[in-house]
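>>> Okay, sequence plus prediction incoming.
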Amino acid sequence: MGFKNKKSRADTVSSKKSVQSTNPFDTAIAQTAKRLNPFDVHVNKEKFKILGRICKHDRGMPGVSRAKALQKRAQTIGKQYAVKNKTNKFMDHRIGKHLTGDQLTESVMNARYLSEKLSQVRASNKAEKFNLNDDELLTHRGQTLEEIEQYRDERSDDEELDDEVNAEFTSAAHFGGDGDTPQDRQTAIEEMISEQKRRKNEIAKDKDEVYDLTEKLDANYKQLLPLVAKATKDEQHEKPPPDAYDKLLKEMIFEPRGSVTDKLIKPEELAKQEAARLEKLENERLRRMKADGEEQETNVRPTHRSADDLDDGYFVAGNDDDGDDTLAYDLDGNLGTHLNDKKQAQKSKDQDVDESEDDDEGEEEEEEDSDSEVDNLSDLKESESESESGEAPQPTKAKVKTLKQKPSTPIDTSIPFTIKMSKTYEDFTELLGKYTPAQQTIVVERIIKCNDPKLEGVNRENVVKLFAFLLQYIKDLFEDASEQDVLAHFQLVSQLMPHLYDLIQLNPERMSNTLLDVIKEKYADYRKNHKVYPSLETLIYFKLVSNMYSTSDFRHPVATPTFIFMQHILSRARVRTRQDIAMGLFTITIAQEFGSRSKRFLPAVFNFLQGIVHMAIPKKDADQLEIVPPFERDGLISKLLAIPATKESKALEPQQMQASDLVTITLTLDFKVRALDTALRLIKQIMEELVSEHTGACFLAKPFVALLERLPLEPYPEHVRQHHAEATATVQQVAGQKMKPLAPPDRKPKALRLLEPRFEVVYDDKRRPKLSKQKEERVKLLAKIKREKKGAIREIRRDTAFVQDLKLKQQLLSDKERNEKVKRIYQEASMQQGELNELARAKKRKKF
């Protein structure tokens with residue numbers, strides 16, 4: 001009984017299942033997301049679970065990673081293996097082949113399309129040259145024959161005929177009609193003409209009707225126009241008032257706009273404008289030089305004559321002072337002023353000038369003071385002011401006042417405005433020899449402007465040649481300079497200094513090399529006899545270098561060799577004459593200019609100043625003071641600047657060193673006093689400006705203390721005593737300075753050791769020795785290198801396996817193809833052998 005019950009229950013369950021799952025797809029669940037195969041997922045277990053740490057590699061999918069690696073190797077190593085040992089390459093000759101996607105603009109794509117079309121056209125033309133069957137597009141008046149063959153009949157208004165008329169005419173005229181009413185040709189033509197006239201009349205009637213309707217419509221519109229305008233006006237009155245936005249918009253519309261300013265002019269354009277201006281002034285000068293009397297004739301005013309008095313001699317030039325004066329209006333608008341009354345006009349001008357002078361006397365004094373400071377040597381500015389004052393009339397008081405306050409100096413028209421560069425140095429000296437020293441600077445300035453390298457068509461070597469000529473010209477000036485000429489030569493060099501600086505800026509490298517070659521040449525000449533001071537032509541180049549180059553640089557290609565040259569001169573050349581002393585003091589002054597900013601000095605400067613003070617001390621044979629060569633300890637040269645106590649020496653006034661001292665050899669009383677006074681002032685200045693900040697300044701100042709104490713002051717005037725006292729105080733102050741003791745550099749305080757636990761990044765239950773931070777980082781780096789090396793070896797091994805698989809697949813594929821070919825050959829051979837056997841058997845049967 002129980003068995004039957006269990007069987008019945010199983011039958012009921014199976015029946016229910018069979019009913020519910022009749023279709024197996026009804027219970028299927030749609031795949032909404034990508035599901036992972038649980039057999040492809042690898043779980044990476046952790047030994048220790050740490051709170052707050054997010055593990056990114058707890059689960060891995062080696063199957064997916066392997067598939068990605070294979071796909072990547074197929075795209076890289078597989079393609080490289082496929083093209084291995086192959087010389088063919090795909091060359092991209094398109095326009096812009098090196099540009100990326102963002103750089104491919106529309107212009108590049110258009111150029112590509114155009115070049116492709118041109119290549120297609122060339123290929124088609126080349127192919128059609130020998131192909132006579134290709135269809136060509138024939139055109140007529142811009143249209144192809146296919147368009148023309150559409151038989152479009154565009155007729156005018158007079159030729160608008162019905163298609164039915166044309167059909168009737170065609171059937172009647174060409175095919176004989178319908179056969180019911182046979183007509184002859186004359187009757188058919190007459191009917192056709194009458195039909196065309198009827199059609200024309202109907203067309204004209206339709207046009208007239210359209211015209212009448214149009215006129216009627218226009219008349220009605222004119223009657224309705226006032227009503228439409230009134231309605232629009234009412235609508236305008238009903239519009240709301242403008243809001244703040246509309247008001248602001250109207251203000252912005254009517255707001256005045258800014259004016260365009262002049263653009264900045266480039267140096268090339270400035271040079272072109274300057275050259276054009278000089279050329280214009282030169283043409284005007286030549287015109288004035290060739291036609292001196294034309295300006296007088298143009299300034300003659302014709303006498304006024306009435307129109308009734310015109311006769312044959314009206315156009316004859318004449319100056320009749322007795323004739324009628326020209327009637328004109330004055331400045332106030334009153335009639336009756338006589339222009340030819342020169343005396344009255346001159347008196348009125350003088351009165352106006354006197355009134356303006358009385359009113360603005362203070363302003364004239366200020367402007368005259370300011371004008372006195374302006375350098376009027378430039379002929380360019382004077383020529384501009386003269387041309388403006390000569391062309392503009394002077395009818396007002398203000399203009400007369402300005403001319404009175406700023407009188408223009410007469411310009412020398414003998415100097416041309418455009419001067420060509422001389423080819424040789426002799427031509428250059430001959431050109432400068434025609435002018436005074438003040439005019440020579442103007443000549444050099446105009447040569448520079450006319451030969452600016454920025455101008456078109458100008459040789460760039462002209463400015464280099466001009467710089468070399470100027471250096472040679474300065475050398476010739478000071479080579480044989482006398483006492484009367486040396487001061488004028490120094491003034492000329494000071495005026496040429498700005499122009500030399502401008503030349504250096506045009507081509508710094510070439511100009512600097514030229515000046516450096518000159519200094520090297522002078523140094524080679526000095527080395528031949530280093531115990532004698534070089535001539536003044538050498539020292540003037542030192543002054544050029546100090547004014548035109550940066551002397552504060554640590555190393556300079558021109559200033560540094562010059563600085564060393566001065567050190568050699570001061571330390572080796574002997575002091576024998578007045579010229580040697582003056583040259584030494586001149587060199588010290590230039591050396592002080594060299595070190596004014598960089599605070600660098602020459603040791604020979606201090607030795608030379610000690611020697612000057614030493615030579616001013618009268619010594620007996622037994623007295624000897626310590627001095628360093630090139631100065632002598634005893635003898636006549638050792639007391640070269642000593643003077644006796646006389647009234648003349650005490651009565652001398654303070655003077656500075658003169659330019660004539662550089663070319664004079666004999667010693668005088670006033671020179672000895674001036675030389676010592678200059679040396680004392682230089683000692684004070686050098687100690688205050690250059691030495692006081694140095695560490696060993698006390699050692700440089702101590703030798704001066706003994707010499708200044710031994711110097712007798714009785715024979716010298718009051719200003720020398722004052723300078724001696726000031727120099728002694730400064731030297732004693734510097735000598736009393738104490739040197740700072742050497743101290744080791746400050747060490748950083750060692751930080752206190754913090755008793756904090758040392759945490760390790762990862763605990764792996766391995767005991768490691770305690771290392772320093774640097775060694776620990778090195779160990780980590782080595783471990784990282786080892787791990788990366790193992791990974792690289794693993795990847796190389798996998799790449800090799802992948803290549804071997806490719807080779808194996810390729811070999812199997814080739815073997816399969818070879819086997820198929822062999823089978824096909826055997827099959828064909830067996831078929832052929834079977835046919836041969838069949839033929840042989842057939843022959844045997846025929847025999848029997």
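Arrived safely. Numbering: from 1, shown residues only.
>>> C-terminal to the helix-or-strand element of the chain with minimal mean pLDDT, what's the next element?
Across the helices and strands of the chain, mean confidence by mean pLDDT, DSSP states H and E is lowest for helix 397-405: a mean of 33. As assigned by DSSP states H and E, the chain's next helix or strand after helix 397-405 is helix 425-433.
>>> so what does that following helix touch, helix or strand wise?
Packing partners of helix 425-433 (3 or more Cβ pairs under 8 Å, 6 or more residues apart in numbering; DSSP states H and E): helix 437-450, helix 461-479. Where you see a C-beta, it was placed from the backbone N, CA and C, and this is true even at glycine.
>>> per-residue confidence averaged over the first one?
Put plainly, it is helix 437-450. Helix 437-450 shows a mean pLDDT of 87.
>>> got the buried residues for that helix?
Within helix 437-450, the residues that count as buried by 16 or more other Cβ atoms under 10 Å are 439-450.
>>> possible to save those as JSON lines with distance to Gln505?
Below are those laid out as JSON lines (distance: Cβ to Cβ, whole Å):
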{"residue": "Gln439", "distance to Gln505": "24"}
{"residue": "Gln440", "distance to Gln505": "21"}
{"residue": "Thr441", "distance to Gln505": "17"}
{"residue": "Ile442", "distance to Gln505": "20"}
{"residue": "Val443", "distance to Gln505": "20"}
{"residue": "Val444", "distance to Gln505": "15"}
{"residue": "Glu445", "distance to Gln505": "14"}
{"residue": "Arg446", "distance to Gln505": "18"}
{"residue": "Ile447", "distance to Gln505": "16"}
{"residue": "Ile448", "distance to Gln505": "11"}
{"residue": "Lys449", "distance to Gln505": "14"}
{"residue": "Cys450", "distance to Gln505": "17"}
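>>> need the contact list for His721.
Actually, residue 721 is Arg rather than His. Residues in contact with Arg721, defined by Cβ atoms under 8 Å, 6 or more residues apart in numbering, are Leu713.
>>> Look up phi and psi at it.
When read as degrees, to the nearest 10, the backbone of Arg721 gives phi -60, psi -40.
>>> Roughly how far does it sit from Glu688?
Arg721 is 19 Å from Glu688, where distance means Cβ to Cβ, to the nearest Å.
>>> ditto for Phe478
32 Å.
>>> These two: who's more crowded?
It is Phe478, of Phe478 and Glu688, that has more neighbours when counted by other Cβ atoms under 10 Å, with 21 against 14.
>>> And the helices and strands packed on helix 425-433: which comes nearest Pro416?
Among the helices and strands packed on helix 425-433, helix 437-450 comes nearest to Pro416, with 7.7 Å by Cβ to Cβ.
>>> Buried residues, stretch 456-465. List them.
458, 462-465.
>>> Below-threshold pLDDT in the protein: ranges please.
1-36, 127-183, 228-239, 255-263, 285-414, 457-458, 621-623, 759-766, 847-848 (pLDDT under 70).
>>> what about the longest helix in it?
helix 773-847 (DSSP state H).
>>> Can you list the helices and strands that it packs against?
With contacts taken as 3+ Cβ pairs under 8 Å, 6+ apart, helix 773-847 sits against helix 62-75, helix 77-82.
>>> Which residues outside stretch 661-673 are in contact with it?
481-483, 486, 536, 539, 577-579, 581-583, 586, 616, 640-643, 648-649, 652, 655, 674, 716-717, 720.
>>> Buried ones only from those, please, as a ChimeraX command.
To isolate the buried subset of the contacts of stretch 661-673 in ChimeraX, counting by 16+ other Cβ under 10 Å, use the following:
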select :481,486,536,539,578,579,581,582,583,586,616,640,641,642,643,649,652,674,716,717,720
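>>> Just the contacts of stretch 661-673: which are in helices?
Using DSSP H, the contacts of stretch 661-673 in helices are 486, 536, 539, 578-579, 581-583, 586, 648-649, 674, 720.
>>> what would those look like in a markdown table with distance to Ile193?
Output for the ones in helices among the contacts of stretch 661-673, formatted as a markdown table (distance: Cβ to Cβ, whole Å):
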| residue | distance to Ile193 |
| --- | --- |
| Val486 | 123 |
| Leu536 | 123 |
| Leu539 | 122 |
| Arg578 | 136 |
| Gln579 | 132 |
| Ile581 | 135 |
| Ala582 | 130 |
| Met583 | 129 |
| Phe586 | 125 |
| Glu648 | 146 |
| Ser649 | 146 |
| Arg674 | 135 |
| Val720 | 140 |
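>>> Show me the two of those residues that sit farthest apart.
Taking Cβ to Cβ as the measure, the ones in helices among the contacts of stretch 661-673 have their most distant pair in Leu539 and Glu648, spaced 31.1 Å apart.
>>> out of the buried residues of helix 437-450, who's nearest Glu279?
Cys450 (8.4 Å).
>>> What sits closest to the closest one if chain neighbours are left out?
Thr418 (5.3 Å; Cβ to Cβ, 6 or more residues apart in numbering).
>>> Could you report the neighbour count for the one you found?
16.
>>> For Pro437, see how far away it is.
From Thr418 to Pro437 the distance is 22 Å (Cβ to Cβ).
>>> any idea where the strands of the chain begin and end?
42-43, 59-60, 139-140, 143-144, 327-329, 335-338 (DSSP state E).
>>> circling back to that earlier point, how about the contacts made by the residue nearest to Cys450?
275, 278-279, 282, 446, 450.
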